[in-house]
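Student: Build me a model:
(chains A, B and C)
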Amino acid sequence: MPELPEVESIRQGLRLGVSGDERAGERPSLIGMEISAVDVLWARSIHTPDAAEFVATLPGRALVEVGRRGKFLIFHLSAGAMLIHLRMSGDLLVERGGDYGAHQRVVIHFKQGWRLAFNDPRKFGRVWLVDDPEQVLAGLGPEPLAPSFSSQLLAEKLQATTRQIKPLLMDQSFLAGLGNIYTDEALYRAKIHPLTPARQVSRERAEALWDSIRFVLAEGIRMNGASIDWVYRGGAFQNQFQVYGRKGQACRACGTTIQRILVGQRSTFFCPICQSLTENRPV
DNA sequence: CACGTCACCTGCGTGC
DNA sequence: TGCACGCAGGTGACGT
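Tutor: The predicted structure follows:
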């Protein structure tokens, strides 16, 4: 489910807490809390080490900071780090008391009485406990919002391959953080057809793509994520979609009907006029 | 190397 | 109401 902006929204909620009265969702920051116990309800949610060792190792460690790299959440502990990838349907909830929800797979209890619950209906999400986060993150491509990710770097990387632009942008080893929604939105804003061979993207249009990627991600974060079914988090970026999920509706720029095709088994939405395959449109 | 297919899972909406 | 089907924000292991 979550792409970079949703993961970032969760990160900020966990490290800063959420204000409001408790009934309306007030949550403390988890920073500084000490783990007292761990429940694993679906063993395969734990990627590394095995579930038994995971449960035995965590108690006594304190949460020092919550970071993010691509779509991974990084929980820096007083010793080592826990990483979580939410995949399609994962979510993290901070709660206290009461029964576990139906889809909770891993629950981390803190001495302070609160608990962090990894909720994941489809069971695709994974959790790691490692000494060094790089053991998990080593293969990731650049962080799109980092200052070091320049338009020149993107342009050069695009020139280095003939792969179709959409699957390429979704390849986490090429660039870390884009998923199906934000990729379609970025390609639309840059006026690039999703099947365009990367090498055919001009320098000028690569610049526009760089700009679009950073724009849609920043907007997503600002809107608290796209959260189609994360109602409680109030993500509003879904209201900003220009193409995603808009098959049959009019392009907001030219009025042409938005098309849906399959690219690498994924639904892909685009405007056949604004995003023509031939490079003859204004950037 | 680039691409297609399937597997991993559950829940929801739709149409019969 | 029941049921089959298609669909979903992601990734990894295959085969060609």
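
Student: and the residue in the stretch 151-283 of chain A positioned nearest to DNA strand C, what does it touch?
Tutor: Of all residues in the stretch 151-283 of chain A, A:G179 sits closest to DNA strand C, at 1.9 Å by C-beta to the nearest atom of the strand. For the C-beta atoms, the positions are set from N, CA and C on the backbone; glycine is no exception. Contact analysis of A:G179 by C-beta atoms under 8 Å, 6 or more residues apart in numbering lists A:2-4, A:71, A:170.

Student: Take those and keep only those in helices.
Tutor: Members of the contacts of A:G179 lying in helices (criterion: DSSP state H): A:4, A:170.

Student: okay, now A:S45: neighbour count?
Tutor: 21 (other C-beta atoms under 10 Å).

Student: thought it was touching A:H103?
Tutor: No: the pair A:S45 / A:H103 is not scored as a contact, 10.8 Å apart, by C-beta atoms under 8 Å.

Student: Mutual contacts of the two, please.
Tutor: Joint contacts of A:S45 and A:H103 (C-beta under 8 Å, 6+ apart) are A:D120.

Student: Could you list the residues of the stretch 101-250 of chain A in contact with DNA strand B?
Tutor: A:102-103, A:121-124, A:161-164, A:167-168, A:197 (C-beta under 7 Å from any atom of the strand).

Student: Pull out the buried members of those.
Tutor: Neighbour-count burial (16 or more other C-beta atoms under 10 Å) applied to those gives A:103, A:121, A:163-164, A:167-168.

Student: Closest one of these to A:G113?
Tutor: A:H103 (22.6 Å; C-beta to C-beta).

Student: Nearest residue to that closest one in space, please, no chain neighbours.
Tutor: A:P121 (4.4 Å; C-beta to C-beta, 6 or more residues apart in numbering).

Student: so that neighbour touches A:D91, yeah?
Tutor: No: contact between A:P121 and A:D91 fails when scored by C-beta under 8 Å: they sit 9.0 Å apart.

Student: Return the residues in contact with A:A51.
Tutor: A:40, A:43.

Student: Next up, the contacts around A:L137.
Tutor: A:69-70, A:72, A:74, A:83.

Student: Any chance of a markdown table for those, columns neighbour count, distance to DNA strand C and pLDDT?
Tutor: Putting the contacts of A:L137 into a markdown table (neighbours: other C-beta atoms under 10 Å; distance: C-beta to the nearest atom of the strand, whole Å; pLDDT from 0 to 100) gives the following:
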| residue | neighbour count | distance to DNA strand C | pLDDT |
| --- | --- | --- | --- |
| A:R69 | 18 | 11 | 98 |
| A:G70 | 20 | 7 | 98 |
| A:F72 | 21 | 8 | 98 |
| A:I74 | 20 | 14 | 98 |
| A:L83 | 22 | 12 | 98 |
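
Student: For the stretch 1-150 of chain A, which segments count as helices?
Tutor: Counting by DSSP state H, counting those that start in this stretch, the segments of the stretch 1-150 of chain A that form helices are A:4-16, A:51-57, A:134-137.

Student: deepest of the ones you listed, which one?
Tutor: Compared across the helices of the stretch 1-150 of chain A, helix A:4-16 shows the largest average neighbour count, a mean of 22 (mean count of other C-beta atoms under 10 Å).
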